[in-house]
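A.B. asks: I'll drop the sequence and a predicted model, then ask my questions.
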Amino acid sequence: MPYARCCGLWHHGDAPAPDAATLMRARYSAYVLDELDYLRRTWHPEAPALEPNPADLKWLGLQVKRHVCQDDNHAIVEFVARYRQAGRASRLHEISRFEKIDGRWYYLDGEFPA
């Protein structure tokens, strides 16, 4: 799907992502494209500070493993993101928490399963 009809809608439009899984995919794409403004706009006010990508990091792919709506305003998204840094391939496996505030989903935090 072309960027303008997918994550570009969320990165450069006024409409919020409709659910936490869509926000997760849009945030991943924002990391790939260095769309730091979008990442900041979708960062929960209580979340830790945003860390920019290291210069030698290249994102390679995203797999959303599960999306669970806990209630109308809380959800979790488990994902695996693959990346290469300093010539070495690795993966980030996270279970992320999202909260909806005033009709918009925000990334709150995540944990890394063993």
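C.D. replies: Okay, I see it. Numbering: from 1, shown residues only.
A.B. asks: the protein: strands as residue ranges?
C.D. replies: For the chain, the strands defined by DSSP state E cover 57-71, 74-85, 88-101, 104-111.
A.B. asks: now do the buried residues in the last one.
C.D. replies: When burial is assessed from 16 or more other C-beta atoms under 10 Å, strand 104-111 yields the following buried residues: 105-108, 110. From N, CA and C alone the C-beta is placed, and that goes for glycine too.
A.B. asks: then the first one?
C.D. replies: Residues of strand 57-71 classed as buried under the neighbour-count rule (16+ other C-beta under 10 Å) are 59, 62, 64, 67.
A.B. asks: thinking again about what came up before, mind putting the strands of the chain in a markdown table, mean pLDDT included?
C.D. replies: As requested, these are exported to a markdown table (pLDDT from 0 to 100):
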| stretch | mean pLDDT |
| --- | --- |
| strand 57-71 | 97 |
| strand 74-85 | 97 |
| strand 88-101 | 97 |
| strand 104-111 | 95 |
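A.B. asks: of those strands, which approaches A15 most closely?
C.D. replies: Closest to A15 of the strands of the chain is strand 104-111 (C-beta to C-beta; 9.7 Å).
A.B. asks: and that closest one, what other elements does it pack with?
C.D. replies: Here strand 104-111 touches helix 20-33, strand 88-101, going by 3 or more C-beta pairs under 8 Å, 6 or more residues apart in numbering; DSSP states H and E.
A.B. asks: tilt between that strand and strand 74-85?
C.D. replies: Strand 104-111 and strand 74-85 are oriented at 60 degrees to each other (axes from the mean of the first three to the mean of the last three C-alpha atoms, to 10 degrees).
A.B. asks: CA atoms of strand 104-111 as PDB?
C.D. replies: C-alpha atoms of strand 104-111 as PDB (Å, rounded to 0.1, in the frame of the first residue of the first chain):
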ATOM      1  CA  ARG A 104      -6.600   9.900  20.500                       C
ATOM      2  CA  TRP A 105      -4.400   6.800  21.200                       C
ATOM      3  CA  TYR A 106      -1.000   7.400  22.800                       C
ATOM      4  CA  TYR A 107       2.000   5.100  23.400                       C
ATOM      5  CA  LEU A 108       2.500   4.800  27.100                       C
ATOM      6  CA  ASP A 109       5.300   2.300  27.700                       C
ATOM      7  CA  GLY A 110       6.400  -1.200  27.100                       C
ATOM      8  CA  GLU A 111       8.000  -4.300  28.600                       C
END
